[in-house]
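Undergrad: Return atomic coordinates for the entry below.
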Amino acid sequence: MTEFHASLLQRAWRKVDVKLAVDGEMHILRWRRGFFVDEVLFDERRVATAQGLFGRESVFGLDIETPGGARVKFVFMVDAAPDWNDWTGSMRPGGVRLETAERALISVGSLGGERPEPFRELYNRAITALGLS
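TA: Residues are numbered from 1 along each chain as shown. Okay, here's the model as predicted:
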């Protein structure tokens, strides 16, 4: 059985970088948004693309052969719409998710597993602050 570990290195405007360990070997998985092409790179090799002006693909099924000879399969999802709840003005993608068949390795932002509903959270805070609960 293949052992996986992943951590999000960068989620910035038009970029996502993920550090990925497959059986103890370190790899870098990158997503880059260009003007007409989105590309996914694994150790600087292009493994998937999405082309177009609007409505590009955001779910990538990856079947990658590592330099050690192992074949790994992932589902890599990027919600490229800017995260408007982020008040820093960084315009980073709304969410990132990386999964294997067994489990999710990374799940952040709008693609996170346990994401509270923003309006409900604000409503609950207001009710508590006003002492109406």
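Undergrad: hey, let's count contacts and neighbours off CA atoms from now on
TA: Noted.
Undergrad: just the strands in the protein please.
TA: Ranges of strands in the chain, per DSSP state E, are 4-12, 15-22, 25-33, 37-42, 45-51, 59-65, 71-82, 93-99, 104-109.
Undergrad: For the ones you listed, give me TSV that also has distance to Asn124.
TA: TSV is the format used below for the strands of the chain (distance: least, Cα to Cα, whole Å):
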stretch	distance to Asn124
strand 4-12	29
strand 15-22	33
strand 25-33	36
strand 37-42	39
strand 45-51	40
strand 59-65	33
strand 71-82	25
strand 93-99	23
strand 104-109	21
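Undergrad: Next, work out how far apart the residue nearest the centre of the chain and Ser110 are.
TA: Nearest to the mean C-alpha position of the chain, counting by Cα atoms, centre = their mean, stands Val96 at 1.7 Å. Separation of Val96 from Ser110 (Cα to Cα, to the nearest Å): 8 Å.
Undergrad: List the residues that are in contact with both of those two.
TA: Asp79 (Cα atoms under 8 Å, 6 or more residues apart in numbering).
Undergrad: picking that back up, surely the residue nearest to the centre of the chain meets Leu111?
TA: Yes: Val96 is within contact range of Leu111, at 5.9 Å (criterion: Cα atoms under 8 Å).
Undergrad: Find the residues that touch each one of these two.
TA: Common neighbours of Val96 and Leu111 are listed as Asp79 (criterion: Cα under 8 Å, 6+ apart).
Undergrad: residues contacting Asp17?
TA: Contacts for Asp17 (Cα under 8 Å, 6+ apart) come out as 8-11, 28-31.
Undergrad: which stretches of the protein have low pLDDT?
TA: Applying pLDDT under 70 to the chain picks out residues 1, 83-90, 114-122, 133.
Undergrad: again, only this time at 80
TA: Low-confidence segments of the chain, defined by pLDDT under 80: 1, 67-68, 82-91, 110, 112-133.
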